[in-house]
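S.K.: Next one to model:
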Amino acid sequence: MMSWATAFRLRQYAKASLWIIPLLGLVLGVLLADAAVWLEGMIQLPEHWRYSPSTASSVLSTIVGAMVALLGFVVTIGILVVQQATGTLSPRYMRLWYRDRLQKAVLATFTGTFAFAFSLLRLIETDFVPNLGVTLAGTAVAVSLLLLLIYLNRFIHNLRPVAIAALVSGAGRRLLERGLALQAKGTLSAGEPKEPLPDGPVTLVRTERGGAVQGINAAGLTAAAERHDCVLVLRHPVGDFVPPGAALVAVHGASPDGHRAIDHRELTGYVALGVERTIEQDPAFALRILVDVAIRALSPAVNDPTTAVQVLNHIEAMLHNIGRVELHRVYTLRDRRGHPRLVVPGRSWEDFLQLALTEIREYGADSTQVCRRLRALLQGLLGALPERHLPPVRAQLTLLDEAVAQAFTDPARRATALIPDRQGIGGGSGEAPA
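M.R.: Numbering: from 1, shown residues only. The predicted structure is shown next:
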């Protein structure tokens, strides 16, 4: 049987593929053409829906050529998007762009219309014209053009860094909501299990191929541990790169041989490894993309601190969502009887905060706008988050003070850079009055 990890990778491939849905559209176009010919003899069409063989051939030939040209146009747009994303945004963003459903719908409509028109074209004879099909082909062209306009409008607007930041932060927020739902069910608890791990040998399950941990099947691992009456400890969190031969899972309580032996291939089949990270189970990856966009804007080649400030708006929103969650470096999943079965490494609030701010502070330390926005962000966190999350925020404020002092030697410029401003420059000094 196919393992969960293999199925996960296939789903990832299907979501990112730009040819599967268009291929289905191609097949559907052929089938709809046959259906239109079958209905031709069953439906009495109005006189103005009837075409001569030469007119029908010209119309369908034009549609076939137009669809091929439009496909080439969309492919050209795709190449431009890749160039822009890798040059001025973040290559990691492409993982999300490939999955856009509208883009796949446009490609499927074009290929389907092409196949529909071509299938009808080969059926035209001097004594037979698929009048219904020609009319439907014209309607399909109109739908294709409408979708093309919607596609252009969407990607012209969505390729702006701030739109990308909104898209990525929204995906990260949904991941956090899933984690909260698991905690609410009681199957996921923060921290290591209070009960001691089972006595006996500890067996290390190693990976052969290596790769980035893209996702884990927590339910499958928990069920396997329950069947073998053991506790499984994952050695790497989602997002880590695991080299070939490294330990992936530590098995506590199951003997390496005998009736309690656990199949190592079964366990590795519940952990999906790939060439790069994905966003399905990794909210830190969403932050990684946002930070990449911000520091690209702060690079000397781009020199656009305003874009970095706009991205910081969405980073702040995501940090507020993360800060309201009880975060720990370790989580424990329990079975139906409440026994600990799976220990999973996680990320603490400090880990997320460092990921979100460290590089932006380092690359934007000489920008008054970025320093002021970072200070407003940190002060906003101080006023909104619970006390247990505030020490790392204060530590980040101290690091920001040191960066400003080092970058701005002139007292007047330093004083300006130390003012919190949610717009970077121009939003007013300090927080709004209560």
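S.K.: C-alpha from now on. contacts and neighbour counts both.
M.R.: Fine.
S.K.: ranges for the strands of the protein?
M.R.: For the chain, the strands defined by DSSP state E cover 188-190, 202-206, 211-216, 231-234, 241-242, 247-252, 271-274, 330-334, 340-345.
S.K.: Would you list the strands that the second one pairs with, along with their directions?
M.R.: Read it as strand 202-206. strand 247-252 (antiparallel) (DSSP bridges).
S.K.: Low-confidence bits of this structure, can you list those?
M.R.: Applying pLDDT under 70 to the chain picks out residues 84-86, 179-191, 255-261, 428-434.
S.K.: try 50
M.R.: Scanning the chain with the threshold set as pLDDT under 50 gives 432-434.
S.K.: In it, where's the longest helix?
M.R.: Among the segments of the chain that qualify as a helix by DSSP state H, the longest is helix 53-88.
S.K.: Which residues in that helix does the neighbour count mark as buried?
M.R.: Buried residues in helix 53-88, counted by 16 or more other C-alpha atoms under 10 Å: 53, 56-57, 59-61, 63-64, 66-67, 70-71, 74, 78, 81-82, 85, 88.
S.K.: Assess the claim that residue 32 and residue 116 are in contact.
M.R.: Yes: using C-alpha atoms under 8 Å, residue 32 makes contact with residue 116 at a distance of 6.7 Å.
S.K.: now the residue of the chain positioned farthest from its centre: how far from residue 58?
M.R.: Distance from the centre of the chain peaks at residue 127, with 54.3 Å (C-alpha atoms, centre = their mean). With distances taken as C-alpha to C-alpha, to the nearest Å, residue 127 is found 16 Å from residue 58.
S.K.: cool, residue 124 as well?
M.R.: Using C-alpha to C-alpha, residue 124 is found at 11 Å from residue 58.
S.K.: Let's have the strands of the chain in a markdown table, adding distance to residue 295 and mean neighbour count.
M.R.: Formatted as a markdown table, the strands of the chain follow (distance: least, C-alpha to C-alpha, whole Å; neighbours: other C-alpha atoms under 10 Å):
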| stretch | distance to residue 295 | mean neighbour count |
| --- | --- | --- |
| strand 188-190 | 33 | 19 |
| strand 202-206 | 36 | 19 |
| strand 211-216 | 23 | 22 |
| strand 231-234 | 32 | 24 |
| strand 241-242 | 23 | 20 |
| strand 247-252 | 33 | 21 |
| strand 271-274 | 26 | 23 |
| strand 330-334 | 30 | 21 |
| strand 340-345 | 28 | 24 |
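S.K.: I'd like those strands as a markdown table, with distance to residue 100 appended.
M.R.: A markdown table is the format used below for those (distance: least, C-alpha to C-alpha, whole Å):
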| stretch | distance to residue 100 |
| --- | --- |
| strand 188-190 | 32 |
| strand 202-206 | 35 |
| strand 211-216 | 20 |
| strand 231-234 | 32 |
| strand 241-242 | 26 |
| strand 247-252 | 33 |
| strand 271-274 | 21 |
| strand 330-334 | 33 |
| strand 340-345 | 31 |
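S.K.: Quick one, which of these gets closest to residue 388.
M.R.: strand 188-190 (14.7 Å; C-alpha to C-alpha).
S.K.: My guess is residue 14 contacts residue 20. True?
M.R.: Yes: the criterion here is C-alpha under 8 Å, and residue 14 meets it with residue 20 at 7.1 Å.
S.K.: give me the number of residues near residue 15?
M.R.: When neighbours are counted by other C-alpha atoms under 10 Å, residue 15 registers 17.
S.K.: isn't it right next to residue 97, touching?
M.R.: No: counting by C-alpha under 8 Å, residue 15 does not reach residue 97; the two are 10.3 Å apart.
S.K.: Next one: residue 78 from residue 296, what distance?
M.R.: Remark: distance between residue 78 and residue 296 (C-alpha to C-alpha) = 21 Å.
S.K.: Please, where are all the helices along the stretch 301-434 of the chain?
M.R.: Listed in chain order, the helices of the stretch 301-434 of the chain (DSSP state H, counting those that start in this stretch) span 305-323, 349-363, 368-384, 390-407, 411-417.
S.K.: Just put those in JSON lines and tack on distance to residue 196.
M.R.: What follows is the helices of the stretch 301-434 of the chain, written out as JSON lines (distance: least, C-alpha to C-alpha, whole Å):
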{"stretch": "helix 305-323", "distance to residue 196": "30"}
{"stretch": "helix 349-363", "distance to residue 196": "26"}
{"stretch": "helix 368-384", "distance to residue 196": "37"}
{"stretch": "helix 390-407", "distance to residue 196": "30"}
{"stretch": "helix 411-417", "distance to residue 196": "52"}
